[in-house]
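*Asks:* Structure for the following, please:
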Amino acid sequence: MMAFIGTVFVGLIVGLIARAIKPGDDKMGWIMTIILGVLGAVVAGYVGRAAGWYEPGQAAGWIASVVGALVLLFLYDLVRRKR
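*Replies:* I've put the predicted structure just below:
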């Protein structure tokens, strides 16, 4: 249970940082911000392991997680604008 709460907290922080860095108005609530941050960390971990930066089972760092969340946020904007 504590790991889940920690993941949600880290996801919230990473998502908020990514939303603050990216210019423009991102209309998404707290839940989507948390999901953005968690998925950003997952993407960063996957890419880092594929590139050999992280060992299997090692979590991505804060900066990599924010970069992953920024990439997802830009993709989210592209999909949202096409509608």
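
*Asks:* Next, find the distance separating the most centrally placed residue in the chain from Arg81.
*Replies:* By Cα atoms, centre = their mean, the mean C-alpha position of the chain lies nearest to Gly40, the distance being 2.3 Å. Separation of Gly40 from Arg81 (Cβ to Cβ, to the nearest Å) stands at 20 Å. For glycine as for every other residue, the C-beta is placed from the backbone atoms N, C-alpha and C.

*Asks:* ditto for Ile13
*Replies:* 27 Å.

*Asks:* out of these two, which sits in the busier spot?
*Replies:* Ile13 (16 against 7; other Cβ atoms under 10 Å).

*Asks:* secondary structure element for the closest residue in space to the more buried one that isn't next to it in sequence?
*Replies:* Among residues not flanking Ile13 along the chain, Gly37 sits closest, at 6.7 Å (Cβ to Cβ, 6 or more residues apart in numbering). Per DSSP states H and E, Gly37 falls inside helix 30-51.

*Asks:* Tally up the residues packed near the residue nearest to Val14 when sequence neighbours are not counted, please.
*Replies:* Nearest in space to Val14, with sequence neighbours left out and distances taken as Cβ to Cβ, 6+ apart, is Gly37 at 3.5 Å. Neighbouring residues of Gly37 were enumerated by other Cβ under 10 Å; the total is 28.

*Asks:* Tell me the spacing between Gly37 and Gln58.
*Replies:* Taken as Cβ to Cβ, the span from Gly37 to Gln58 is 18 Å.

*Asks:* swap in Leu39?
*Replies:* For Leu39, the distance to Gln58 (Cβ to Cβ) stands at 18 Å.

*Asks:* more crowded one of the two?
*Replies:* Leu39 (18 against 11).

*Asks:* Now do the contacts for that one.
*Replies:* Contact analysis of Leu39 by Cβ atoms under 8 Å, 6 or more residues apart in numbering lists Gly68, Ala69, Leu72.
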